[in-house]
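A.B. asks: show me the folded form of this:
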Amino acid sequence: MINFNIIDSPDLLSIGKYEFKLHHIRIGRNLGNTIAINDPSISTRDKIVLRTNKSGLIVESNCNFLINGKKVNGVLNIKIEDQITFGNTHIKIASFDLSNIIIADAYYDKLEKISNDDPKLSILLENIEEFYINLTNESLDDLEK
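C.D. replies: Numbers count the residues shown, from 1 in each chain. Have a look, this model is predicted:
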C-alpha cells in the first residue's frame, strides 16, 4: 500500500490524499498513468513511478525531478514525509506498507529488458498489468464494502 498527498499542483482537481493497494503507481500527464495530472510543465512522455520493493519505497523517473528541494533523476529510495516535486506538482509521501509486498525486482528487471528490446511489447505489457491492477483493486474495494 502506498499513501501520499498531492499538496500543490496547477491541476487543482488532482490535489488531495491518495491511497493505493498497489506495488507501483505511475504519475504523469499522460492519461495512461495511474494518476494523470494536467500540469503543463510536465511533458506527456515524462512520468514518475512510486514502487515498493524489499528495500522500501522507490521513486524512479525518466526525467529530472526534486526530492526535498534537491534535483535528482533515476531511481532513489524515499521515506515517509519526503516531498517530490515533478513539474509544478508537489507530492508528499504519507506512508507505505511492505507487509504484503510482492518481491518484484526480477519482474521489473525483465520488463526493463523487454522495454529495451521491444518498446511496443513493453507498452502492451504495462497496459495489461495496469488493467489487471485496476480490476483487482475494484474487486478488493467490493470486498471491503
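A.B. asks: partner strands of the strand ranked longest in the chain, with direction?
C.D. replies: Selection of the longest strand in the chain by residue count, based on DSSP state E, yields strand 56-67. Using DSSP bridges, strand 56-67 pairs in its sheet with strand 47-53 (antiparallel), strand 70-78 (antiparallel), strand 83-86 (antiparallel).
A.B. asks: is it possible to get a markdown table of those strands that adds mean pLDDT?
C.D. replies: As requested, these are arranged in a markdown table below (pLDDT from 0 to 100):
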| stretch | mean pLDDT |
| --- | --- |
| strand 47-53 | 88 |
| strand 70-78 | 89 |
| strand 83-86 | 94 |
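A.B. asks: of these, which approaches Asn64 most closely?
C.D. replies: The minimum distance between Asn64 and the strands paired with strand 56-67 falls on strand 70-78, with 4.9 Å, by C-beta to C-beta. Heads up, the C-betas are built off the backbone N, CA and C, glycines and all.
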